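Undergrad: Curious how this folds, go ahead:
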Amino acid sequence: MKDYYQILGVQPASGMDEIRRAYRRLAKQTHPDMNPDDPQAEERFKEVNEAWAVLGDVEKRKEYDRQRTARKAAGQKAARQRKDARKVAQSVSKGALDYEDLLGRFGTFFSEKKMSEMAREQRGRGAKNPLDTTALFEKFMGFK
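TA: Purely as a prediction, here's the structure:
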(Lines give C-alpha, C1' and ligand atoms only; values in the text may rest on other atoms or scores of the structure.)
Protein backbone atom coordinates (compact mmCIF):
# COMPACT_ATOMS: atom_id res chain seq x y z
CA MET A 1 0.00 0.00 0.00
CA LYS A 2 1.45 3.33 -1.06
CA ASP A 3 1.81 6.06 1.54
CA TYR A 4 -0.07 8.91 -0.11
CA TYR A 5 0.73 11.27 2.75
CA GLN A 6 4.44 10.70 2.18
CA ILE A 7 4.06 11.16 -1.59
CA LEU A 8 2.47 14.58 -1.04
CA GLY A 9 4.83 15.40 1.84
CA VAL A 10 2.08 16.07 4.39
CA GLN A 11 1.13 14.65 7.78
CA PRO A 12 -1.94 12.39 8.19
CA ALA A 13 -3.50 15.04 10.45
CA SER A 14 -3.17 17.70 7.72
CA GLY A 15 -6.25 19.58 6.64
CA MET A 16 -7.69 19.62 3.14
CA ASP A 17 -6.19 23.06 2.37
CA GLU A 18 -2.68 21.91 3.22
CA ILE A 19 -3.10 18.74 1.15
CA ARG A 20 -4.44 20.77 -1.79
CA ARG A 21 -1.48 23.19 -1.62
CA ALA A 22 1.01 20.31 -1.49
CA TYR A 23 -0.68 18.61 -4.45
CA ARG A 24 -0.64 21.76 -6.59
CA ARG A 25 2.99 22.48 -5.76
CA LEU A 26 4.09 18.90 -6.57
CA ALA A 27 1.91 18.65 -9.68
CA LYS A 28 3.57 21.77 -11.03
CA GLN A 29 7.08 20.54 -10.11
CA THR A 30 6.64 17.03 -11.53
CA HIS A 31 4.56 17.81 -14.62
CA PRO A 32 6.21 16.20 -17.68
CA ASP A 33 5.99 19.48 -19.63
CA MET A 34 8.04 21.20 -16.91
CA ASN A 35 10.62 18.38 -16.98
CA PRO A 36 11.00 17.27 -20.61
CA ASP A 37 14.48 15.79 -19.99
CA ASP A 38 13.46 13.74 -16.93
CA PRO A 39 12.08 10.28 -17.85
CA GLN A 40 10.81 9.69 -14.27
CA ALA A 41 8.85 12.95 -14.16
CA GLU A 42 5.76 11.37 -15.72
CA GLU A 43 5.76 8.49 -13.21
CA ARG A 44 6.19 10.88 -10.31
CA PHE A 45 3.39 13.07 -11.71
CA LYS A 46 1.10 10.02 -11.90
CA GLU A 47 1.92 9.13 -8.27
CA VAL A 48 1.10 12.67 -7.13
CA ASN A 49 -2.22 12.57 -9.02
CA GLU A 50 -3.07 9.16 -7.56
CA ALA A 51 -2.37 10.45 -4.04
CA TRP A 52 -4.54 13.51 -4.68
CA ALA A 53 -7.37 11.37 -6.07
CA VAL A 54 -7.55 9.54 -2.73
CA LEU A 55 -6.65 12.25 -0.22
CA GLY A 56 -8.60 14.96 -2.03
CA ASP A 57 -11.88 13.02 -1.71
CA VAL A 58 -13.26 12.96 1.84
CA GLU A 59 -14.83 9.48 1.59
CA LYS A 60 -11.84 7.89 -0.15
CA ARG A 61 -9.53 9.46 2.43
CA LYS A 62 -11.58 8.01 5.32
CA GLU A 63 -11.42 4.54 3.76
CA TYR A 64 -7.69 4.90 3.05
CA ASP A 65 -7.04 5.98 6.66
CA ARG A 66 -9.08 3.04 7.97
CA GLN A 67 -7.11 0.55 5.86
CA ARG A 68 -3.83 2.22 6.79
CA THR A 69 -4.61 1.93 10.50
CA ALA A 70 -5.68 -1.71 10.13
CA ARG A 71 -2.47 -2.59 8.26
CA LYS A 72 -0.38 -0.84 10.89
CA ALA A 73 -2.11 -2.77 13.71
CA ALA A 74 -1.65 -6.06 11.85
CA GLY A 75 2.02 -5.26 11.35
CA GLN A 76 2.48 -4.56 15.05
CA LYS A 77 0.81 -7.85 15.98
CA ALA A 78 3.04 -9.73 13.53
CA ALA A 79 6.10 -8.02 15.00
CA ARG A 80 5.09 -9.12 18.51
CA GLN A 81 4.63 -12.68 17.28
CA ARG A 82 8.05 -12.68 15.59
CA LYS A 83 9.61 -11.34 18.79
CA ASP A 84 7.92 -14.11 20.82
CA ALA A 85 9.13 -16.72 18.33
CA ARG A 86 12.70 -15.43 18.64
CA LYS A 87 12.48 -15.64 22.45
CA VAL A 88 11.30 -19.26 22.25
CA ALA A 89 14.05 -20.14 19.77
CA GLN A 90 16.66 -18.58 22.06
CA SER A 91 15.27 -20.52 25.04
CA VAL A 92 15.46 -23.78 23.11
CA SER A 93 19.02 -23.10 21.96
CA LYS A 94 20.10 -22.37 25.55
CA GLY A 95 18.38 -25.50 26.82
CA ALA A 96 16.22 -23.49 29.21
CA LEU A 97 12.82 -24.26 27.73
CA ASP A 98 9.88 -23.30 29.91
CA TYR A 99 6.96 -25.41 28.63
CA GLU A 100 4.29 -23.35 30.36
CA ASP A 101 5.66 -20.20 28.77
CA LEU A 102 5.86 -21.96 25.41
CA LEU A 103 2.26 -23.14 25.66
CA GLY A 104 1.13 -19.69 26.77
CA ARG A 105 2.78 -18.14 23.73
CA PHE A 106 1.29 -20.83 21.49
CA GLY A 107 -2.17 -20.07 22.85
CA THR A 108 -1.61 -16.33 22.52
CA PHE A 109 -0.56 -16.77 18.92
CA PHE A 110 -3.79 -18.54 17.98
CA SER A 111 -6.44 -17.20 20.31
CA GLU A 112 -5.08 -14.33 22.39
CA LYS A 113 -5.86 -16.51 25.45
CA LYS A 114 -3.42 -18.59 27.41
CA MET A 115 -4.08 -22.31 27.23
CA SER A 116 -4.16 -22.53 31.02
CA GLU A 117 -7.02 -19.99 31.05
CA MET A 118 -8.89 -22.04 28.46
CA ALA A 119 -8.37 -25.22 30.53
CA ARG A 120 -9.71 -23.49 33.67
CA GLU A 121 -12.78 -22.37 31.75
CA GLN A 122 -13.37 -25.91 30.51
CA ARG A 123 -13.11 -27.36 34.03
CA GLY A 124 -15.42 -24.68 35.42
CA ARG A 125 -18.21 -25.53 33.01
CA GLY A 126 -18.50 -29.11 34.15
CA ALA A 127 -19.28 -30.35 30.66
CA LYS A 128 -16.91 -33.08 29.55
CA ASN A 129 -15.94 -33.46 25.96
CA PRO A 130 -15.24 -37.13 25.20
CA LEU A 131 -12.47 -36.06 22.82
CA ASP A 132 -10.82 -33.71 25.32
CA THR A 133 -7.21 -34.76 25.88
CA THR A 134 -6.23 -31.86 28.11
CA ALA A 135 -5.73 -34.03 31.22
CA LEU A 136 -3.62 -36.54 29.30
CA PHE A 137 -1.57 -33.75 27.78
CA GLU A 138 -1.02 -32.07 31.15
CA LYS A 139 0.12 -35.36 32.72
CA PHE A 140 2.46 -36.03 29.82
CA MET A 141 3.96 -32.54 30.03
CA GLY A 142 4.27 -32.77 33.81
CA PHE A 143 1.74 -30.10 34.77
CA LYS A 144 -0.13 -32.41 37.18
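Undergrad: How much space separates residue 6 from residue 36?
TA: From residue 6 over to residue 36 the distance is 26 Å, taken as Cβ to Cβ, to the nearest Å. All C-beta spots, glycine's among them, are computed from the backbone N, C-alpha and C.
Undergrad: Give me the more crowded residue out of those two.
TA: Taking neighbours as other Cβ atoms under 10 Å, residue 6 and residue 36 compare with residue 6 leading, 11 against 8.
Undergrad: Skip ahead from the strand or helix carrying that one and say which helix or strand is next.
TA: In this assignment (DSSP states H and E), residue 6 forms part of helix 4-8. Sequence-wise, the next helix or strand downstream of helix 4-8 (DSSP H and E) is helix 16-30.
Undergrad: tell me the mean pLDDT for the helix or strand harbouring residue 66?
TA: Assigned by DSSP H and E, residue 66 falls within helix 58-94. The average pLDDT for helix 58-94 rounds to 80.
Undergrad: Buried residues of it, list them for me.
TA: 61, 64, 84 (16 or more other Cβ atoms under 10 Å).
Undergrad: between it and helix 16-30, how big is the angle?
TA: 80 degrees (axes from the mean of the first three to the mean of the last three Cα atoms, to 10 degrees).
Undergrad: follow-up on the earlier one: point out the other helices and strands that the helix holding residue 6 packs with.
TA: Packing partners of helix 4-8 (3 or more Cβ pairs under 8 Å, 6 or more residues apart in numbering; DSSP states H and E): helix 16-30, helix 41-55.
Undergrad: change it to 10 Å
TA: Counting contacts by 3 or more Cβ pairs under 10 Å, 6 or more residues apart in numbering; DSSP states H and E, helix 4-8 is packed against helix 16-30, helix 41-55, helix 58-94.
Undergrad: which stretches of the chain have low pLDDT?
TA: Counting by pLDDT under 70, the chain shows low-confidence ranges at 88, 91-130, 144.
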